[in-house]
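Student: can you look at this prediction? I've put the sequence above it.
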Amino acid sequence: MSTPDKEYPLLWWKQEGREGINGQQVTGCDLPYTCRHSLNESYWDQSPLVLVNVGQVDHGLPPQEEFDAGKKAMIFYGAEAPKKFERDPKIIGRFTYRFTFNPTSDYVTSYFGTDIIDMVLEPPPVSLEHKNTMRKQGFVNSEGKGLAPIAWIVSNCFSFSGRHFYVYQLQKYIDIDIYGHCNPTRPWPTDIDGKDLSPEQIVAQYKFYLAFENNNCDYYVTEKLQRAYKAAAIPIVDGPKDYSAFAATRTALIQTEDHTPKSLARLVKELDSNDDLYRNRIGYKYPKDPSHRPTTKDLSPYFVRTWTNPNPNPPKEGSHRQAWPPSYEESICRVCELAHDISEGLVQLDPMQRLQADTTCVLKKHYHITWFIEYHWRIALAILTSIAVLVYLLTRRPVKQLWMPLVKSVLPHRWRQDNTYVELPVVNDDLVN
């Protein structure tokens, strides 16, 4: 029987760059035992669980024998969008449990918690009138150049979604101020003292923000949406197809799913030029009645239900229940609980229980945008040119001398048509010669 001071190791497999977690105790679980994170492989025999971070998979996994024998279980950990190998059953099928952002995972770590409601309802950092002024004047170091309606802060220049193709087309119809490392259109702004502004301070000056994820996967929504909510900018989102759990109101978000670049630009221009229409979209920050302080009654009931925690307490020993909204702290307590139960013989591992390939992502969603919009006439011209060249070559006399005898030899002399036999037309040899 376990004692209150008994401790179980949680072994992380070769976690370079994660040395800070080594030796940390799992606390706040309200359990009669505890667990401790370790990167020390000397705990291999003692730890029934081995956690593998998503970044480690490409560099090698632990020996498989004890997992196949049901002596240990491997936990896949990753807060980022699913990687290519997660679609490969030969790799992901070596894991027993999943610890990711997806609420369908065995253990969940989310970018969002109950604080998202407070984030949405907190007063805006600047007034709508200030945003309109910034549209004309810009930042202190912008030499009087007004801001674009839309801002985008981006550091990852490559994305599986192809979001940059969509943005490229969108720029044809409306101005976008891009900050960061990927083709920025503006320098990073500073305050009057020359200190760099934070991303939230930058976005707060804008009326719209591109909260584009680098992958289009179910439930994969990150701090990009948080940034827009904090800054009181209307989020233009591109990520999972279903954003209902993350939409503060029915009209809070503008999804690329519903718009071509041209129609999206038209909508933004309409909202940008009409404060009443803009307030209708973002009434939780800028209500039409300035004296009204928005509450949860002004938000989507589904959004409020999703992020109101009905189970604020960590799970008790033996319960294995998942609190909601999920948190890393709550989930790691459940992992500790599993380590205890396996070690004490309360849970028998099934070596046949393995993860299935992840098929929740839409790959290269926007890669077609540039090809079909930008190059459609070039593609059509290339096809027509190829056909013309082929016809020309086939009708030239030297070429006909090659293919006409071939046609005569391959086709049967008689042709069946409508249950009657008809003679094939005789090819004039003079035409061939």
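Tutor: Cool, got the structure.
Student: average pLDDT across the helix ranked longest in the chain?
Tutor: Using DSSP state H to define each element, the chain has its longest helix at helix 376-395. For helix 376-395, the mean pLDDT works out to 75.
Student: look up the residues forming beta bridges with I176.
Tutor: Listed beta-bridge partners, I176: I150 (assigned using DSSP bridges).
Student: quick check, S155 in contact with H181.
Tutor: Yes. Using C-beta atoms under 8 Å, S155 is in contact with H181, at 5.3 Å. Backbone N, C-alpha and C define where each C-beta goes, glycine included.
Student: ranges for the strands of the stretch 1-150 of the chain?
Tutor: Using DSSP state E, counting those that start in this stretch, the strands found in the stretch 1-150 of the chain span residues 7-12, 25-26, 34-38, 49-53, 73-78, 97-100, 107-108, 150-154.
Student: in TSV, list those strands along with distance to A231.
Tutor: TSV is the format used below for the strands of the stretch 1-150 of the chain (distance: least, C-beta to C-beta, whole Å):
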stretch	distance to A231
strand 7-12	35
strand 25-26	35
strand 34-38	35
strand 49-53	31
strand 73-78	28
strand 97-100	27
strand 107-108	27
strand 150-154	9
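Student: Throw these into a markdown table and include distance to D193, mean neighbour count and mean pLDDT, thanks.
Tutor: Below are those laid out as a markdown table (distance: least, C-beta to C-beta, whole Å; neighbours: other C-beta atoms under 10 Å; pLDDT from 0 to 100):
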| stretch | distance to D193 | mean neighbour count | mean pLDDT |
| --- | --- | --- | --- |
| strand 7-12 | 42 | 22 | 94 |
| strand 25-26 | 42 | 16 | 92 |
| strand 34-38 | 41 | 20 | 94 |
| strand 49-53 | 40 | 23 | 93 |
| strand 73-78 | 40 | 23 | 94 |
| strand 97-100 | 41 | 22 | 94 |
| strand 107-108 | 42 | 22 | 92 |
| strand 150-154 | 21 | 23 | 97 |
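Student: packing partners for the helix or strand where S331 lies?
Tutor: Assigned by DSSP states H and E, S331 belongs to helix 328-343. Using 3 or more C-beta pairs under 8 Å, 6 or more residues apart in numbering; DSSP states H and E, the elements in contact with helix 328-343 are strand 7-12, strand 25-26, strand 34-38, strand 49-53, strand 73-78, strand 97-100, strand 107-108.
Student: and T385, which of the ones you listed is closest to it?
Tutor: strand 73-78 (47.8 Å; C-beta to C-beta).
Student: sheet partners, orientation included, of the closest one?
Tutor: strand 49-53 (parallel), strand 97-100 (parallel).
Student: surely L128 and D276 touch.
Tutor: No. The criterion here is C-beta under 8 Å, and L128 misses it with D276 at 10.7 Å.
Student: more crowded one of these two?
Tutor: Taking other C-beta atoms under 10 Å, L128 and D276 do not tie; L128 has more neighbours (16 against 8).
Student: which non-adjacent residue is nearest R250?
Tutor: S300 (6.1 Å; C-beta to C-beta, 6 or more residues apart in numbering).
Student: give the contact list for that neighbour.
Tutor: S244, A247, A248, T249, R250, A252 (C-beta atoms under 8 Å, 6 or more residues apart in numbering).
Student: now swap in V362 and tell me
Tutor: Residues near V362 by C-beta under 8 Å, 6+ apart: S161, N216, C217, K241.
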